[in-house]
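Visitor: Based on what follows, work out the 3D shape:
(one chain, ligands or ions: 1)
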Amino acid sequence: MKHEFNSAMAFSKFYLQQNYSFEGEVAIDGTVGNGHDTEWLLHAVGTTGHVYGFDIQSDALEATRTRLGRPENLTLHQDGHENLMHYDFDKVACVLYNLGYLPRGDKSISTQGTTTIQSIQAASELLKVGGVIMILAYPGHDVGKEECEWVESHLADYDQRKFQAWKFTFLNQKNNPPLMYCLEKRRT
Ligand SMILES: C[S@@+](CC[C@H](N)C(=O)[O-])C[C@H]1O[C@@H](n2cnc3c(N)ncnc32)[C@H](O)[C@@H]1O
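Guide: Down below sits the predicted model:
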């Protein structure tokens, strides 16, 4: 076996790395949290790219600043990702969402299906041709289960001539394994 994945996020990042080059591109982290995924995106876009991050919790953004400092090519917004459309971006190559609540944080501050799909819709309009949205979703709690249903039915509605949408999961993992959703803007 060439690669073994111990998490959905590890698989997702591998998929993105293998299929895309984000060097010099614009990327968005829709759920910054403690900044692990933001850090990965910063690495992927390199010093000539730019990463924009959103989170509603000031604690999350502070933790991310502590982790990453203040690189010039990182802009963090304390705002809901459902407000993406109110910001100015160049065409975006990658949008990443790691949904749910902060591990070891306040579980009541979780992403919600209705606002998540508003954000995905806005992100899909900002996406450059050949760009990608990756969404990690967690059906193991009530809000997350409902959110997966919202995301799934939203993604199923995109015109297949313009977008390709797929989902992946670990079939034999116990306790409601995470779902990975991907929306790719076709090079037609
Ligand atoms: C699973 S955590 C993200 C983990 C993070 N990507 C990391 O690398 O540590 C989910 C995050 O989504 C944030 N969140 C919840 N609702 C949000 C919203 N409407 N817009 C943006 N972020 C939101 C939470 O505050 C939480 O930090």
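
Visitor: residue contacts, residue 74?
Guide: Applying CB atoms under 8 Å, 6 or more residues apart in numbering, we find residue 74 in contact with 38, 42, 50-51, 53, 68. C-beta coordinates here come from the backbone N, C-alpha and C atoms, glycine included.

Visitor: With residue 66 instead?
Guide: Residue 66 is in contact with no residue at all, counting by CB under 8 Å, 6+ apart.

Visitor: How about the helix or strand harbouring it, which residues are buried there?
Guide: If you go by DSSP states H and E, residue 66 is part of helix 58-68. Of the residues in helix 58-68, those with enough neighbours to count as buried (16 or more other CB atoms under 10 Å) are 60-61, 63-64, 68.

Visitor: got CSV for those, with distance to residue 11 too?
Guide: Shown next, in CSV, are the buried residues of helix 58-68 (distance: CB to CB, whole Å):
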residue, distance to residue 11
60, 24
61, 27
63, 24
64, 23
68, 23
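
Visitor: measure residue 168 to the ligand for me?
Guide: Distance of residue 168 to the ligand, given as CB to the nearest ligand atom, to the nearest Å: 18 Å.

Visitor: Enumerate every residue touching that residue.
Guide: Applying CB under 8 Å, 6+ apart, the residues contacting residue 168 are 11, 179-180, 182.

Visitor: and residue 125, how many neighbours?
Guide: 11 (other CB atoms under 10 Å).

Visitor: what about residue 158, neighbour count?
Guide: Residue crowding around residue 158 was assessed by other CB under 10 Å; the count is 18.
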